[in-house]
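K.L.:
Mind folding the following:
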Amino acid sequence: MLTKEITSRKGAKTQRQRSKSYMSRSKHYMKRVARRSLLLSVLLCVCWLLSLWNTTTRADTNAALSTETRAGRLAVFDDVWATVRERYYDPSLHGVDWQAWGAALRPVAVAAHTQAEFYATLRRLVAPLHDAHTRVYAPGEYTDWQHTRYQTAGVSLRELDGALIVARVERNSDAARAGGVRAGDALLRVDDVPAASLLAQRNAEFISSSTVRAAHLEAIARLFDGPRDTSVTAVFADERGRTKTVQLRRTWAERAPTLNIKRAGSFAIVHFNTFTQELALALSRALRTNLRHARGLILDLRDNGGGDAEALTDIASAFLPTGTNLGRFNDRAGQITSTPQTRATMLLAADEIAHFDGPLVVLTSARTASAAEIFAAALREHTRARIIGEATCGCVLGVRQRHLLPDGGALDLSELDFHTAGGTRLEGTGLTPDETITPTRADLSNGRDPALARALVILQAR
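P.N.:
From the prediction side, this is the model:
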């Protein structure tokens, strides 16, 4: 699935507690926080995009019902079925005959022999919505979206000219230690199954996302999926056609919020992979210190799956005038529930937001999702930045609060639609860059980043 990126009320409360020492300095900020009793978040997908994740956090072991019983399966299925019908942002449910579809799957859910079979049926239930944010999690499959866990075999892949090419080899992985797998290699087989056949199988399994490219990206990210701490045999070929067979171990990794800043002469490259209050504060302080004299910035959002809407507002406030409209969220009745606007002071800290008025270039990819798409769209609509790279995910909806299921599972449900200040709807379409630049296999093999190189040329020209 796409990266989880919605802040629930419980999550918002935790953030406020962490920031209590800041907010106590000013009643003004406390009042602002009170007016925002619900912090919206707009993807995660962790695309996601990015690496896809599962979590090992345990659900409440004292859950009242268990899907091991027929009554428990009925209760959980009916809860999901009714909640989607009553709260989904689109009352027409994208034209799906929800009553008939649920009635057809209800006997399948009741007949499930295992929890995995049962939750696979629940995922079939929500799949026709084609919504990256609406997801069902079995007990133990969800956790804090700011520190997601995901399974990895040590290599990240992307599709180029119909071939699955290694984009990155993770440090300290079996692939890196073996020394035989390099960026630019083509994946040929996985456990004696041709890579193309396996990808077709994964595409059939992961059909539920906001766009075709998002679903396809998820299928690629799940290509090596299998039991935890087991090995998979993979065959790769380099650009000369020389093959290599390696054993890759499936392990778990954590994707934590990260802010990295690199200098490129008089310019700077700023990479952050999500939107959190902590990263917003760190970026604002960096703009006062080591970024203060930068002539221009490249904001790298190519693996940014989204995050908290209030953090998005704080970060956008560093680059746009105070009071700039970032768009609007609408509920299922068509009523506007929120119109985020840039501000002079951070929401959860008494810091004034540092401003950067120099030229900006934003790098995007299909992994750029939700809040990151809103941010990039706002900068472009207000003629503040040039967008370089690849089309974004097209995964832009709002989840108000995670819904807990009777057995300890969970349902994330899109209850809010989003339009930019200019009236553009990003869900299902995404953002097309001003210049589309896709790396070639030779670029990956030689460590070249053509989008970044082009961004530097643009800044130098300005």
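
K.L.:
where are the low-confidence patches of the chain?
P.N.:
Scanning the chain for pLDDT under 70 picks out 1-64, 143-147, 179, 206-207.

K.L.:
can you list the domain ranges for it.
P.N.:
Domain assignment for the chain by automatic domain parsing gives 1-150+256-462, 154-249.

K.L.:
just those: most buried one?
P.N.:
For the domains of the chain, the largest average neighbour count (mean count of other C-beta atoms under 10 Å) is found in domain 1-150+256-462, namely a mean of 20. Using the backbone N, CA and C atoms, a C-beta is placed for each residue, glycine as well.

K.L.:
Alpha carbons only: can I get stretch 168-186 in PDB?
P.N.:
Taking Å, rounded to 0.1, in the frame of the first residue of the first chain, the C-alpha atoms of stretch 168-186 are listed here in PDB:
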ATOM      1  CA  ARG A 168      19.700   1.300  -5.600                       C
ATOM      2  CA  VAL A 169      21.500  -1.300  -3.500                       C
ATOM      3  CA  GLU A 170      21.000  -0.800   0.200                       C
ATOM      4  CA  ARG A 171      24.100  -0.600   2.400                       C
ATOM      5  CA  ASN A 172      24.800  -3.600   4.700                       C
ATOM      6  CA  SER A 173      22.400  -5.800   2.800                       C
ATOM      7  CA  ASP A 174      23.200  -9.200   1.300                       C
ATOM      8  CA  ALA A 175      23.200  -7.600  -2.100                       C
ATOM      9  CA  ALA A 176      25.800  -5.100  -1.100                       C
ATOM     10  CA  ARG A 177      28.000  -7.600   0.800                       C
ATOM     11  CA  ALA A 178      27.900 -10.000  -2.100                       C
ATOM     12  CA  GLY A 179      29.400  -7.200  -4.200                       C
ATOM     13  CA  GLY A 180      27.900  -8.600  -7.400                       C
ATOM     14  CA  VAL A 181      24.700  -6.500  -7.600                       C
ATOM     15  CA  ARG A 182      25.000  -2.900  -8.800                       C
ATOM     16  CA  ALA A 183      22.700  -0.100  -9.800                       C
ATOM     17  CA  GLY A 184      21.900  -0.600 -13.500                       C
ATOM     18  CA  ASP A 185      21.700  -4.400 -13.400                       C
ATOM     19  CA  ALA A 186      18.600  -6.000 -14.800                       C
END
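
K.L.:
which residue ranges form the helices in the stretch 1-150 of the chain?
P.N.:
9-18, 20-23, 27-35, 70-87, 98-110, 115-126 (DSSP state H, counting those that start in this stretch).

K.L.:
contacting residues for the residue nearest to Gly102 when sequence neighbours are not counted?
P.N.:
Nearest residue to Gly102, sequence neighbours excluded (C-beta to C-beta, 6 or more residues apart in numbering): Trp81, at 4.3 Å. Trp81 makes contact with Trp98, Gly102, Arg106, Leu125, according to C-beta atoms under 8 Å, 6 or more residues apart in numbering.

K.L.:
so which strand or helix has the closest residue in space to Gly447 that isn't next to it in sequence?
P.N.:
Here the nearest residue to Gly447 in space, its sequence neighbours aside, is Ala183; by C-beta to C-beta, 6+ apart that works out to 7.1 Å. Assessed by DSSP states H and E, Ala183 sits outside every helix and strand.
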